[in-house]
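In: Below are the sequence and a predicted model for it; my questions follow.
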Amino acid sequence: MMKKSPPQNLSRRSFLKLAGGTAAAAAFGGYVLPRTLGKTLRPSAVSVASAADPEPDLFFAGTDGWISLPDSPAIPPFHPDDLAPAPFNAYIFGFRNITGLDATQIAQQKNKAQHSAPLFWTQQDVPFRVKLTNLGLALRPDLVDAHTLHWHGFRNVIPFFDGEPSGSISVPIGREFTYVFNAHDPGTYMYHCHVEDVEHVHMGMTGLVFVRPAQDTNTSLYPSGKYAYNDGDGSTGFDREFAMFLSEFWAEAHWADSHIQLPEWSDYHADFAMLNGRVYPDTIAPSGSVDPFNLVHDANGDLIPTPGYERLQYQPLSSLVTCNAGERVLLRFANLGFMQAAMTTTGFKMHVVGKDATLLRGRDGTDHSYMTNTVSIGAGESAEAIFVAPPYQGPGPYDTYYLYNRAYTRSSNLSAGGAAGQMTEIHVYPAGTLGTQSVPNT
Amino acid sequence: MRKQLFKWVALGLVLMGGIAALAYTARTPIEEASAAPPDEGIICTYGPTFTLSTIDGYIGTPDDNVVYMWGYAADNSPFQHPSPVLCVNEGDTVTVILHNTLPDDVSIMFPGQENVLANGQPAQPQFDGGGNLTSLTNVATANGGSITYSFVADKPGTFLYESGTEPDVQVRMGLFGALIVRPALGADHVYNRSDSQFNPDTEFMVLLSEVDPFLNGAMERHVQRNRPFIYNMENYRPRYWLVNGRGFPDSIAPNFASWLPSQPYGALARIHPYDPVDNPIPAMARYLNVGTTEFPFHPHGNNGRVIGRDGHPLEGNSGEDLSFEKFSINLGPGQTWDIIFKWYDAEGYSASNPVPVTVPGIQNLVFGLFYSGSPYLGEQGTLPVGTSNTNACGEYYIISHNHALYQITSWGVPMTGPITYMRIDPPLPNDCP
C-alpha cells in the first residue's frame, strides 16, 4: 500500500485563517490558493498495470455527424439544417464503433457519428473493456470538448471509470482511454458522454447497454436459456429481445451547435422523439450493422447503408419487433430523453419484470412485478417488459401490433395522421416461422 | 472548451469567494466545534410546537442572479429558503402557529397528515361569498393575521408542508418545507421496520424545486412596491431548478455557509464506503419534489433502495418487503421518496491491486476539479501543472443530478442547478480534514 503520510502542511482552512480573511485571500487570488492545494495534494506514484493492456472488447470514437429526420414538419430556420449534406438534415454528436479498424480508417470516421450510439452488452462478472477515443468535431473545430463514456446506473463505480468529468478524467481530442466495467448486476442500462452533460447527451452521444445474467445458458428454467435476470425460476426467460432506446431532438439546440450558437436550455422541448435513433416509420426499416462484436464496414471503415435507406446510414438500429406466436419477447427500454415516456402496446399486456437493472422483488423475495399495457419511463430510467406473442390470426404473413409513446406529442411529431416519433411495429408470425434470434433487434 | 473554461473559472471564483468568506467570519475553533451544526446532512428544527412566520427575502442563483422569494421562518429567524425542516416524533401532537407578515392571505397544508385542526376546529377549504374556492385550508389573513394548526403525527416518514392558498403562486414563491416524523422504533429508522435502519450521521435531504423568475419578479413588485400582482400563469416556465434551495456549485457548500445567508441547507452527501464490520449501516436520503413536473434525479454509482414513498413504507399487508433499488429516483410533483443507500469498493482497486489498464500520462487526459489524480480511494496522484483542484485526501466525488438535463442549467448557464455529489471519504482512520 502506498498510503501517503498525514499532511504536515497547513490545511486550506487554517491557511486562510492565518492569511487574515477576505482581503488577503482576494489579494493572493488564484495564485496562492492552487499552490497551497498543490502542497496538500502531494503526489504519490500512480500505479500502472504491469502487463501490456489486453485488446479492448470494443473501441468507440466520439465525433460529430449527420442523421436524417423527417423533413416535414419544417421548423424554420432550425430544421432541416441548411448545412446538412444530402441525404441528411440534422446535426449530431455521437459515438461510433471503430473496433478492428486501422488508424487510417479510424481517422476517416470523423464527422460520421451515429445515433443512437452502438448497442452493446456484457456478461455478468466478466470484466469488459471499452476503449474510447475522441476524433474531434469536424463542423466545430472551435469546440475542443473532451468526451467520456459514462455507464449510467453502474453500481459502486469508482470515479476513474465513471466518466463524470468533474470527479474524474476525460478524453481530449486525439487521445485514448480504456474503461473497464466488471458488471455484477444484470439488467438494462444506458451510456452516454458526460462532458457538457446537457449538450453532449442531447446532441446524441447516448445509447443502450445491458448485462446478461449468470443464469444464462441454464435451459432447465426456460428452454431458450436466455434470461433478463437471475430469477431462479425462469420468470424472466425470453426467446427474443429488442432494445428500445428513447431519445429526443430539439431542433433549435442541434441547429445552434451547427451554427456556433448556444440554445437557452430552459426553453427545451422535444420536436422529434426517437426510438433507437429513428422516427416512425423509419423505426421499422431494416437494421444496418448492429452486432457490435462483428462490425460490418466498408473499405474506408464507414457504415454501410441498407440499399434504399441511404438516409439512415448513421441510424443503423431498427426497432421492428419480429417474433413467432407464443414466444416470449423481452423489450429493453431505456430513456435518455428529458421527458417522461409512456410506451404502450395494444392487443396484449406486458409483464414488467425489472426496472433500473433491478429484478422487481423485495429483499425477502416478494414478487412485485406487474402486468400493464403502458410502461412509464422517466428520463434516465430503464425497464424490462416481457410479452407473450399472441396467437397468429392472419391473413397475411404476420399480424401487426403497435408499440408507441402514449404521450402523443412524442409519437406524432405533428405529422399528418399522427403516426411518427416513438412508435414501432410488432410483427407476429405463425409459430415456427422465424429461426432463433442471434443478435438483439434482428 | 471555451464553455468549459468559463465554467471552471466561474466555479473557481465561487469556491474562492466561499473560502474567503469562510475565513473572514472566523468560524468556531475546532475545540468548540461539537456545538456547531454539521457541514453536511439534514438540519432539523425540533418541535413538536413550531412558531412560523411568513416572510420575504432573496436567494442567489448560480448565474449570479438574485431572486425574490417567500418563506416560512421559525421563531422570528430571518428569511431562509427552503423553509425549515420540521422534525417530530411519531405520536407527537404537532402544533404550528403561523404569523403572516405578507400582504396576501397565506396558509399551510400538511399533505399526508389526517385530522388537521385549525384553531382547534377541523381545517376546512375556504370560499368567498360567491362560493368560489379561495384557499384549500384555513388562512392566516394578510398583514398580521395568525392561525394555529395542529395534528397528531401518527405515521413516520417524510412529508411536505406547503401553502394551500393560491398554491400555484405561493408554493412556487417558496412557501414549502420538509416535515420528518421519526418512528417509535427510533430516530435511526425511517419506519417501524428493522430493515429501515440507517446511520443517523449520514441522513441527507434532496428537496427539488423550480423557479420562474418572472413570477417572482411580479410578486416582488406587488409586495415591495404595493402594486397589483400581474402575472399570466399561462406563461409560467421555470428558469431555475434547485436542490435544497441552492444550485450547483452552491449546493455542495456546507450547511449555513456564510456566503449563502438565506440558503442554509447544503446537499453534499458525505459517507464512507460500506464495510460489513466497520460501516455496515446504510446512509439515507429523503427526496421531496415541490415542483410541478417529474424530477428524475440520478445518483451515480449507487442504486438507492426505495423503502417508502409519501410517508408509507413499501410493504405488503403482511409486512412483505416491496422495496426496490433504483438508479433514477423519478419523483412526481408533491411526492416524497425515502431511500437508503451505500457505496462499496466493489473491485478493491488500490496501488497493490491496480486498475487493469495503463493509466495515460497526465498530458493525455483532462482532469476534473474534484479528481485526486489517482484511481484509488485515499490516494493522490500527480496533477498537471496549473490544474485547479479541491481534492483534500484522495476522497471520491460521485455526482448526483437531475437527468432531465435541461433542468441542470440556470437560465442559460449549464452544469448548474440540481447537481450535488456523494463524497466518499477513505475508510477511517483517514487523513481527511
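Out: That came through fine.
In: correct me, but residue A:158 touches residue B:348?
Out: No - counting by C-beta atoms under 8 Å, residue A:158 sits too far from residue B:348 to count as a contact (10.0 Å). To be clear about C-beta, it is placed using only N, CA and C from the backbone, and glycine gets the same treatment.
In: Between these two, which is the more surrounded one?
Out: Taking other C-beta atoms under 10 Å in any protein chain shown, residue A:158 and residue B:348 do not tie; residue A:158 has more neighbours (22 against 11).
In: Pull the contacting residues for that one.
Out: Residues in contact with residue A:158 (C-beta atoms under 8 Å, 6 or more residues apart in numbering or on different chains) are B:345, B:347, B:349, B:375, B:377, B:396.
In: Check residue B:115 too.
Out: Here residue B:115 is in contact with B:122, B:151-152 (criterion: C-beta under 8 Å, 6+ apart).
In: Report pLDDT for it.
Out: Residue B:115 carries a pLDDT value of 98.
In: and what of residue A:407?
Out: 89.
In: again, but for residue B:412
Out: Residue B:412 is given a pLDDT of 89.
In: Excluding chain neighbours, what is closest to it?
Out: residue A:264 (5.4 Å; C-beta to C-beta, 6 or more residues apart in numbering or on different chains).
In: wait, the one you found sits on residue B:414?
Out: No - judged on C-beta under 8 Å, residue A:264 makes no contact with residue B:414 at a distance of 10.7 Å.
In: The contacts of residue B:115 in strands, which ones?
Out: Counting by DSSP state E, those place B:122, B:151-152 in strands.
In: can you narrow the residues you listed to ones near chain A?
Out: Checking the ones in strands among the contacts of residue B:115 against chain A by C-beta under 8 Å from any C-beta of the partner chain, not one of them is in range.
In: Of those residues, just say which sits nearest to chain A.
Out: residue B:152 (29.8 Å; C-beta to the nearest C-beta).
In: Determine the number of other residues adjacent to the closest residue to that closest one other than its chain neighbours.
Out: Distances taken as C-beta to C-beta, 6+ apart put residue B:93 closest to residue B:152, at 5.4 Å, once the chain neighbours are dropped. Neighbour count of residue B:93, defined by other C-beta under 10 Å: 14.
In: cool, and residue B:184?
Out: Around residue B:184 there are 11 other residues, counting by other C-beta under 10 Å.
In: what's the answer for the one 4 residues further on, then?
Out: For residue B:188, the tally of surrounding residues (other C-beta under 10 Å) stands at 16.
In: contacting residues around the residue in the stretch 251-400 of chain B that chain A sits nearest to?
Out: Per C-beta to the nearest C-beta, residue B:321 is where the stretch 251-400 of chain B lies closest to chain A, at 3.2 Å. Shown in contact with residue B:321 (C-beta under 8 Å, 6+ apart): A:362-364, A:366, B:195, B:314-315.
In: where do the helices sit along the stretch 51-200 of chain A?
Out: Remark: helices assigned in the stretch 51-200 of chain A by DSSP state H, counting those that start in this stretch are A:103-107, A:197-202.
In: Could you do the stretch 201-350 of chain A as well?
Out: Taking DSSP H, counting those that start in this stretch as the criterion, the stretch 201-350 of chain A carries its helices at A:251-258.
In: Identify all contacting residues around stretch A:217-231.
Out: Applying C-beta under 8 Å, 6+ apart, the contact partners of stretch A:217-231 are A:124, A:186-188, A:213-216, A:232-234, A:236-239, A:241, A:328, A:330, A:332, A:353-354, A:359, A:384, A:386, A:436.
In: What are the buried residues along that stretch?
Out: The neighbour-count check on stretch A:217-231 (16 or more other C-beta atoms under 10 Å in any protein chain shown) flags A:218, A:221-222, A:224, A:226-229, A:231 as buried.
In: Ok, stretch B:146-160 next?
Out: B:147-153, B:155-160.
In: For residue A:137, which non-adjacent residue is closest in space?
Out: Among residues not flanking residue A:137 along the chain, residue A:64 sits closest, at 4.2 Å (C-beta to C-beta, 6+ apart).
In: need the contact list for that neighbour.
Out: Applying C-beta under 8 Å, 6+ apart, the residues contacting residue A:64 are A:91-94, A:110-111, A:113, A:137-140, A:203.
In: Could you dump these into JSON lines and include neighbour count and pLDDT?
Out: As requested, the contacts of residue A:64 are exported to JSON lines (neighbours: other C-beta atoms under 10 Å in any protein chain shown; pLDDT from 0 to 100):
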{"residue": "A:91", "neighbour count": "27", "pLDDT": "98"}
{"residue": "A:92", "neighbour count": "24", "pLDDT": "98"}
{"residue": "A:93", "neighbour count": "29", "pLDDT": "98"}
{"residue": "A:94", "neighbour count": "29", "pLDDT": "98"}
{"residue": "A:110", "neighbour count": "18", "pLDDT": "98"}
{"residue": "A:111", "neighbour count": "15", "pLDDT": "98"}
{"residue": "A:113", "neighbour count": "27", "pLDDT": "98"}
{"residue": "A:137", "neighbour count": "25", "pLDDT": "98"}
{"residue": "A:138", "neighbour count": "14", "pLDDT": "98"}
{"residue": "A:139", "neighbour count": "17", "pLDDT": "97"}
{"residue": "A:140", "neighbour count": "16", "pLDDT": "97"}
{"residue": "A:203", "neighbour count": "24", "pLDDT": "98"}
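In: now, the most widely separated pair of those?
Out: Across those, the longest distance by C-beta to C-beta is 15.4 Å; it joins A:110 and A:203.
In: hang on, the earlier thing: can you pull the pLDDT of the residue of the stretch 251-400 of chain B closest to chain A?
Out: Reading off the model, residue B:321 has pLDDT 98.
In: Bridging across strands, which residues link to it?
Out: Beta bridges link residue B:321 to residue B:315 when assigned by DSSP bridges.
In: List the buried residues in the biggest strand by length in chain B.
Out: Criterion DSSP E: the longest strand present in chain B is strand B:49-60. Buried residues in strand B:49-60, counted by 16+ other C-beta under 10 Å: B:50, B:52-60.
In: give the contact list for the spatially most central residue of chain A.
Out: Nearest to the mean C-alpha position of chain A, counting by C-alpha atoms, centre = their mean, stands residue A:207 at 1.5 Å. Applying C-beta under 8 Å, 6+ apart to residue A:207 gives the contacts A:95, A:116-120, A:190-192, A:245.
In: Residue A:60 is in contact with residue A:130, isn't it?
Out: Yes - here residue A:60 reaches residue A:130: they are 6.2 Å apart, a contact under C-beta under 8 Å.
In: All good on my end, thank you.
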